[in-house]
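Colleague: with the input below, show me the fold.
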Amino acid sequence: MKAPIILTNVQQEAAHCVLNGIATGHLVVLRGAAGSGKTTVLERVRNERGGLLLGARQFVGAAKSMTPAAIEDAFLRMMEEAIVVHELVLADDLQILLNFVEIHSYERRYLLDASLTALVGQAGLQGCKLVFAVEDEAPWPIRRRALVAEISNEGRELAAAVG
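Modeller: Here you go, the predicted model:
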């Protein structure tokens with residue numbers, strides 16, 4: 001039996017916001033600084049609502065089969081496969097993809113926006129709900145359509161104190 005997931009008050013508020021967001025819409029962003037507990041919040045949401053939680057490990061696995069010049073294709077393929085099978089897909093660590101695009105002056109940067117636009121549209125048509133976890137701002141195709149739940153800096157301090 002798995003140990004229960006314990007959240008700080010701020011993380012609990014964020015989890016509640018995410019759960020309300022997926023109950024009323026199909027796209028939610030969970031925003032919080034590194035170490036604020038985004039993964040823990042997503043695990044709690046998955047435990048309560050089911051679905052698939054994808055993170056850095058799955059993304060790196062998907063990217064291995066692609067050339068570095070098509071990193072958005074690997075992400076899109078991984079997400080498309082997930083939304084066909086699951087009613088809820090929680091994508092943790094989106095910041096890794098965003099950082100790669102930013103740091104490496106990625107030549108196909110706008111294809112990421114196009115891929116995300118197509119993914120959000122496809123998920124909506126299939127009735128799949130998406131949750132993306134980011135450290136800062138989500139990319140525009142997600143941000144303009146999503147409800148945003150945030151783990152404040154206070155939550156980070158509490159998480160550090162508890163952990």
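
Colleague: use CA for all of it now, contacts and neighbours both
Modeller: Noted.

Colleague: neighbouring contacts of the longest helix anywhere in the chain?
Modeller: As assigned by DSSP state H, the longest helix anywhere in the chain is helix 109-126. The contact list for helix 109-126 (Cα atoms under 8 Å, 6 or more residues apart in numbering) reads 26-27, 72-73, 76, 79-80, 83-84, 101, 129-130, 139-142.

Colleague: roughly how far out does it sit from the chain middle?
Modeller: Chain-centre distance of helix 109-126: 14 Å, with Cα atoms, centre = their mean, to the nearest Å.

Colleague: from the contacts of helix 109-126, which land in helices?
Modeller: 72, 73, 76, 79, 80, 83, 84, 101, 140, 141, 142.

Colleague: tell me the one of the residues you listed nearest residue 16?
Modeller: The nearest member of these to residue 16, counting by Cα to Cα, is residue 142 at 20.0 Å.

Colleague: so what's that closest one up against?
Modeller: Contacts of residue 142 (Cα under 8 Å, 6+ apart): 27, 29, 116, 117, 120.

Colleague: what's the per-residue pLDDT of the residue nearest the centre of the chain here?
Modeller: Residue closest to the average C-alpha location in the chain (Cα atoms, centre = their mean): residue 132, at 2.1 Å. Here the pLDDT value assigned to residue 132 is 96.

Colleague: how about it, secondary structure?
Modeller: Of the three states, residue 132 takes strand under DSSP: H, G, I helix; E, B strand; the rest coil.

Colleague: tally of neighbours for residue 21?
Modeller: 21 (other Cα atoms under 10 Å).

Colleague: you'd agree it is in a helix?
Modeller: Yes: under three-state DSSP, residue 21 sits within a helix.

Colleague: check contacts around it.
Modeller: 27, 28, 147.

Colleague: from these, which would you call buried?
Modeller: Neighbour counting by 16 or more other Cα atoms under 10 Å classes 27, 28, 147 among the contacts of residue 21 as buried.
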